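Participant: can you look at this prediction? I've put the sequence above it.
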Amino acid sequence: MTATCSCGGVELKAFGRPIVSSACYCDDCRKGADQIEALPGAGAIRDPDGGTAYILYRKDRIECSKGAELLRGYKLKETSATNRVIAMCCNSAMFMNFDKGPHWVSAYRARFQGELPPLQLRICTKFKSDSNVIPDDVPSHRGYPLGFVIKLLASRVAMLLGR
């Protein structure tokens, strides 16, 4: 799978199957979207229902193949471990990663071209805006469902085993 910024200056390559394809409605994803969408020329990163759609990949299965020097991280707070990474050339949101810890990268689904994996679930819907109606096309969860957590843990085990 390939993800590019709006102007083509940055390109990400993802290999193998993603961990999961989900949309998040948490306060941090909503605040992060507000911050990025306010940048000059930036496009919308939220879906019409207010969720931010991601495709999660193991860190060893995604890389920047073009324009790494154009990537810049944004933090909600200076002490936050979460980085929302944009392409500075056109202010396109590319992915979210972490300073330490988690073994995955949450790539913004809208940046990918071609046949995308289907959206599998919506998480943290308890934070959604009252004005947004969430479609019932996939399961929605108020928090982080056990199946989601199991997929993350299984991907970590597979990564440790070199699979």
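Facilitator: Received, thanks.
Participant: use CA for all of it now, contacts and neighbours both
Facilitator: OK.
Participant: residues in contact with stretch 46-63?
Facilitator: Residues outside stretch 46-63 that contact it (C-alpha atoms under 8 Å, 6 or more residues apart in numbering): 12-25, 29-30, 33, 45, 103-110, 122, 128-129, 132-135, 155-156, 159.
Participant: which parts of it are buried?
Facilitator: Neighbour counts over stretch 46-63 (16 or more other C-alpha atoms under 10 Å) mark 46, 50-59, 61-62 as buried.
Participant: again with stretch 150-163
Facilitator: Judged by neighbour count using 16+ other C-alpha under 10 Å, the buried positions of stretch 150-163 are 152, 155-156.
Participant: quick one: distance of it to the chain centre.
Facilitator: Remark: stretch 150-163 is offset 19 Å from the chain centroid, using C-alpha atoms, centre = their mean, to the nearest Å.
Participant: outside of it itself, list whatever touches it.
Facilitator: Against stretch 150-163 from outside (C-alpha under 8 Å, 6+ apart): 19-20, 58, 60, 103.
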